[in-house]
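Visitor: 3D, please:
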Amino acid sequence: MPTETTRPTVLITGSSGFLGQAIARGLKERYAVIGFDVASPKKAQQNFETIEIDLTSDESVKEAVEAVRDRSGGRLASVIHLAAYYDTTGEDNPKYKAVNVDGTRRLLAGLKSLDTEQFIFSSTLLVHAPSPQKGVSIDEDSPLDPAWAYPQSKAETEAVIARERGSIKAVILRLAGVYDEDCRAAFIAQQIARIFERLPTAYLFSGDLEAGQPYLHKDDLVDAFVRAVDRRAELPDESVMLIGEEQTLSYGELQGTFGKLIHGEDWRTYVLPQGLAKAGAWIQAEVLDQDTDIKPWMIESADDHYEIDISRARALLGWEPRRSLVGTLPEMTRRLKKDPTDWYQRNKLEPFAVAATTPEIEQAGRRLREPLERGDEEVEAAIERHRLFTLWAPLANVALGLWLLASPMTLGLFDPVEVPPPPALGHELADASIRNARLGMSEIVSGLLVITFAFLGMYRRWSWAQWITSGIGVWIMFAPLVFWTTSAAAYALDTLVGMLIPVFAVMIPPTPGISRRALAADDDRPLGWSYSPSSFTQRMPIVALAFVGLFVSRYLAAYQMGHIDGLWDPIFGPGGAPTDNGSEAVVTSWVSKGFPIADAGLGAFAYALDILAGSIGDRRRWRTMPWMVLLFGLLIIPLGAVSVSFIIIQPPLIGALCTLCIIQAAVTVVLIPYSVDEVLAAVQYLWRAKRAGEPFWRTFWAGGPALSENQTPGLDLDRPAAEVIREFVTGGVNFPWTLVASVLLGVVLLATPLIFGSEPPLYHSDHVVGCLVIMIAVTAMAEVVRPLRFLNVALGAWVAASPFLLSGGGMVAIVSDMAIGLALILLSLPRGTRSEEHYGGWDRAII
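Guide: Reported below is the predicted structural model:
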């Protein structure tokens, strides 16, 4: 074997890539290898040194060549030129000329200053026109007709080499698509992925199913390059060879094989006319603003068929393929099914798309049958440390219980009182003194119960008592509404105390009822998600907005219960009601009086529950407390629908509008997009945990273990302030201009009487639709429910038609409604730019 000093030197450009490293391994026994690449590999190569080079810079190429001179003594046996720019868009890019064509010209000019024997260029068989018909092979002398930017750049580079190689021998290897047992061939990988995920496009093809292209196994490619280097003295000064397998599998054959190997079924593929396929691809990309791996140029080339004759490679190199694509497909698909995320990662596909597929769930199930990250004893010890550190919290509840015992006397709840009936009362009530006395008795009983269960909950084995304490706190918040107390102080203090009791009962101490398996790992991202939907940066906007809603609702409730004399409303008049403004008219209307308690107070109570439910638990709560997350969603989403419904009915049924109610509804609607991702994550987790072998109901109530593997929790609040604030606003939500514009059109519909002079019933229609448009557009700003925007297509169609079906609009109103309706339809079609976040396989639903 030659020594290091006597071995000939081979230079490989693009040496850090998949093929560059494989060829280096094939040469390392008999050659000294030097690598060129735009950046050094992250992991140092043991077999060769990599020199950084920028092929678009004369200075960089000159410096790199001088570095090679120093290491090789100025002699190169061969240069294997793999470096090139490539993308699958099919569109021309300045980098094709700058890197592939001009970069090769610079490299050749630099190599002339060295004693370079051979230059091997990695080209593509796609520089050729397709085979004239099936069964007819092309060879190196067949016509050249590259169809798109990448092979065009390769053909131009071949011409540059022919003109400027000088005395350097040139070998052009026109390669078929390269694959190995992990696939690595981009178009085959995409085809497999479509079938594996059962995407709609997996069943469609826009060309001849009998057309296909040959492929080449990585090991056979390496063998061809090694043979070309070994025989450099024997080869002609200039030679061109086709390198690939002579067997060409058609697209239809690949479809059928993948269907059998992956799903065990006969795969049906339907042929679409190319015109229809192009229109569909254009609509996806330009109208719906969606990403797709099927580009228009691929549709145009779908009928291209290639078969090749490799006689010249046999004659000059003694080479022919020893592997075959058809023989490798079973192993290729076996590796996919064994570990889909790793397979997708290796093929530069999106691993999040398959992170929750059946093989990954089965892997998770096997992991869960083994010892978890932390054992029960370690988890128990951590809980005990937390409990001992927070023993002050139940004692704080004892103090609150003592306050409740004393508060009826302090607040005069047992004193006689005479006040007029509350403005929003719609049924008979007991006298004010009796109502206050009943609340006072409730306070005393509640205080005794809080003290009792707070003490009981301090005992480890009776931690369930903490939930009872928390439930009593919820009742304390609600009781002033039930008894229609006349004491504003009692109502305010009960709201505060009732909210604090759950905080001290189940938020600050260890939350009772969470299983030890759920706490055994810190993994905080759902399987296939790129972030935790339960992080505090995700939940704090919800809690902050809920506080705004609480304050507004409490203000309205104070008037409804007679605690204040009037409401502020700077915009709307009473609309004929015997009140001072629209807000007073609405909250004392027959609708509000139909509730047994003050409906604004009920809203305030719901907002308080939102605050508590949104604050409890850590960033793992989507799996440690699924029931709480689903309760949280039930509190927010229906509340939003109710709030909007209340705004909808105000003009047609009440005859007035309420500024404060609109603010309250707006807050509630904004809460929805910020909460739906966590609800989705909890639902996904329950389903996947059940598939992995975890009992459903136990997981629902007590949480469950992490399904992910080797996950490191991300940072939450311990980040720069600017980053945290940005996360507050954009966590799981983004703001496509189309949806923002839809919201603005909804606002315009609400104001059509002022802007366009609309009158009922057309105005009432515009008002109802405007409310719905705003709610749908705002909700669709959450990526996980982005398809909801299509509902606005139907609403837009109604707005456009309504002036012809309903009276109340002049010419201006008619034209305006038609324009707004058409605009809503057009704005609701594009998806908008996707964020970089992923949602565990739900991504495909974001259309």
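Visitor: find the nearest non-adjacent residue to residue 539, please.
Guide: Excluding its sequence neighbours, the residue lying closest to residue 539 (CB to CB, 6 or more residues apart in numbering) is residue 614, at 5.2 Å. Just so you know, the C-beta spots here come from the backbone N, C-alpha and C atoms, and that holds for glycine as well.
Visitor: thought that neighbour was touching residue 632?
Guide: Yes. Contact criterion CB atoms under 8 Å: residue 614 and residue 632 qualify, at 6.1 Å.
Visitor: how far off centre is the longest helix anywhere in the chain?
Guide: Assignment by DSSP state H gives helix 659-691 as the longest helix of the chain. The chain centre lies 16 Å from the centre of helix 659-691; the measure is CA atoms, centre = their mean, to the nearest Å.
Visitor: which parts of the following helix or strand past it are buried?
Guide: Per DSSP states H and E, the first helix or strand lying C-terminal to helix 659-691 is helix 696-702. By 16 or more other CB atoms under 10 Å, the buried positions in helix 696-702 come out as 699-700, 702.
Visitor: who's in contact with helix 696-702?
Guide: Helix 696-702 is contacted from outside by 513-515, 518, 626-627, 685-686, 689-690, 704, using CB atoms under 8 Å, 6 or more residues apart in numbering.
Visitor: go again with 10 Å.
Guide: Contacts of helix 696-702 with the rest of the structure, by CB atoms under 10 Å, 6 or more residues apart in numbering, involve 513-518, 623-628, 630, 682, 685-690, 692, 695, 704-705.
Visitor: follow-up on the earlier one: and the longest helix of the chain, average pLDDT?
Guide: Averaged across helix 659-691, the pLDDT comes to 92.
Visitor: next, the spatially most distant residue from the centre of the chain: secondary structure please.
Guide: Here the centre of the chain is the reference, and by CA atoms, centre = their mean the most remote residue is residue 416, at 60.3 Å. Three-state call for residue 416 (DSSP: H, G, I helix; E, B strand; the rest coil): coil.
Visitor: now do the same contact list for it.
Guide: Residue 416 neighbours (CB under 10 Å, 6+ apart): 431-434, 436-437.
Visitor: residue ranges with poor pLDDT in the stretch 401-550 of the chain?
Guide: Applying pLDDT under 70 to the stretch 401-550 of the chain flags no residue at all.
Visitor: picking that back up, overlap in contacts, residue 614 and residue 632.
Guide: 539, 542, 675, 678.
Visitor: and those, which is closest to residue 68?
Guide: Checking the shared contacts of residue 614 and residue 632 against residue 68 by CB to CB gives residue 678 as the nearest, at 56.1 Å.
Visitor: please point out which parts of the host helix or strand of residue 471 sit buried.
Guide: If you go by DSSP H and E, residue 471 is part of helix 465-482. For helix 465-482, the neighbour count (16+ other CB under 10 Å) marks 465-481 as buried.
Visitor: helices or strands up against that helix?
Guide: If contacts are counted by 3 or more CB pairs under 10 Å, 6 or more residues apart in numbering; DSSP states H and E, helix 465-482 sits against helix 392-411, helix 432-457, helix 488-502, helix 536-560, helix 599-615.
Visitor: can you check which of these gets nearest to residue 224?
Guide: helix 536-560 (53.2 Å).
Visitor: tell me what the next helix or strand after that closest one is packed against?
Guide: The helix or strand immediately downstream of helix 536-560 is helix 582-587, counting by DSSP H and E. Packing partners of helix 582-587 (3+ CB pairs under 10 Å, 6+ apart): helix 536-560, helix 590-593, helix 599-615, helix 626-649, helix 659-691.
Visitor: what do you get if the cut-off is 8 Å, keeping everything else the same?
Guide: Identification of packing neighbours for helix 582-587 by 3 or more CB pairs under 8 Å, 6 or more residues apart in numbering; DSSP states H and E yields helix 536-560, helix 659-691.
Visitor: so which of those helices comes closest to residue 63?
Guide: Using CB to CB, the helices and strands packed on helix 582-587 put helix 536-560 closest to residue 63, at 46.1 Å.
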